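J.: Fold the following, please.
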Amino acid sequence: MVKDVDGSGEVTRSVSTVELDGAPARRSVVSRLYATGIDDLWDAMTNPERIPRWFLPVTGDLRRGGTYQLEGNAGGRIEECEPPRRLRITWGMGEGPSTWVTVTLHSVGTGSRLELEHIGAVPEELWAMFGPSATGIGWDTTLLGLALHVEAPDAPHPSTDATAWMTSPDGLAFVRASGQAWSAADVTAGTEPDEAAARARRTVAAYTGQPDPS
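T.: From the prediction side, this is the model:
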């Protein structure tokens, strides 16, 4: 399933460099249309009983000022929570530095648009090696899982077993298309096309466990 990375406008992406606490930081934004109302989309992305159906089990004090922990993944602090429009959290792995994720929902006709902003300092050597695809492919996969969940809330989504799905024909096609889409956003932000393409290829290889074709 790659319809959401074919340039149809269902998903849009942008990349920029901004200032955070007086230092340069990388900002990636991805937005996606969902075939459900804003209240249902908010519930799907914040209800701890629904989150594991499209992402990962979550624990913590799930309220403004509280903390959360995704099983085997990121954790952090809930800084803002304004139902059903805006959620802002810190996002970090283990003892590593935190980044910030802000999710904003907008009503669009009978559906909704979700906009996710991820901002934080990235070591220059990592950015040069992988670029925005490093986190972008992960967010694309996560938002795909959410889309499949709101379409069929009781059905398991295909990326439940992430490792198996990433190496399936559908998973490989999706990850490659996502990498190409983030490469295009990288070019729009000012990166030379060959450099952006190389970054994306290395990231796709890392996600899928397959060798970099270059």
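J.: Low-confidence ranges, the chain, go.
T.: The model of the chain has pLDDT under 70 over residues 1-9, 156-163, 213-214.
J.: just the helices in the protein please.
T.: Taking DSSP state H, the helices of the chain run over residues 38-46, 51-54, 124-130, 133-151, 162-166, 169-188, 193-208.
J.: So which elements touch the shortest one?
T.: The one in question is helix 51-54. Counting contacts by 3 or more Cβ pairs under 8 Å, 6 or more residues apart in numbering; DSSP states H and E, helix 51-54 packs against helix 38-46, helix 133-151. For glycine as for every other residue, the C-beta is placed from the backbone atoms N, C-alpha and C.
J.: Could you say which one of those helices comes nearest to Ser112?
T.: Nearest of those to Ser112, taken as Cβ to Cβ: helix 38-46 at 4.6 Å.
J.: what's next to the closest one, contact-wise?
T.: Helix 38-46 is contacted from outside by 34, 36, 50-51, 54, 62, 81, 83-85, 87, 103, 105-107, 112, 114, 146, 149-150, 153, using Cβ atoms under 8 Å, 6 or more residues apart in numbering.
J.: Please pick the buried ones from those residues.
T.: Among the contacts of helix 38-46, the ones that count as buried by 16 or more other Cβ atoms under 10 Å are 34, 36, 50-51, 54, 81, 84, 87, 103, 105, 112, 114, 146, 149-150.
J.: Excluding sequence neighbours, find me the nearest residue to the most centrally placed residue in the chain.
T.: Geometric centre of the chain, nearest residue: Trp139, 1.5 Å, by Cα atoms, centre = their mean. Nearest residue to Trp139, sequence neighbours excluded (Cβ to Cβ, 6 or more residues apart in numbering): Val30, at 5.4 Å.
J.: list the contacts for the one you found?
T.: By Cβ under 8 Å, 6+ apart, the contact list for Val30 reads Val11, Thr12, Arg13, Glu115, Leu116, Gly136, Trp139, Asp140, Leu143.
J.: What is the nearest of those to Met166?
T.: Asp140 (12.1 Å).
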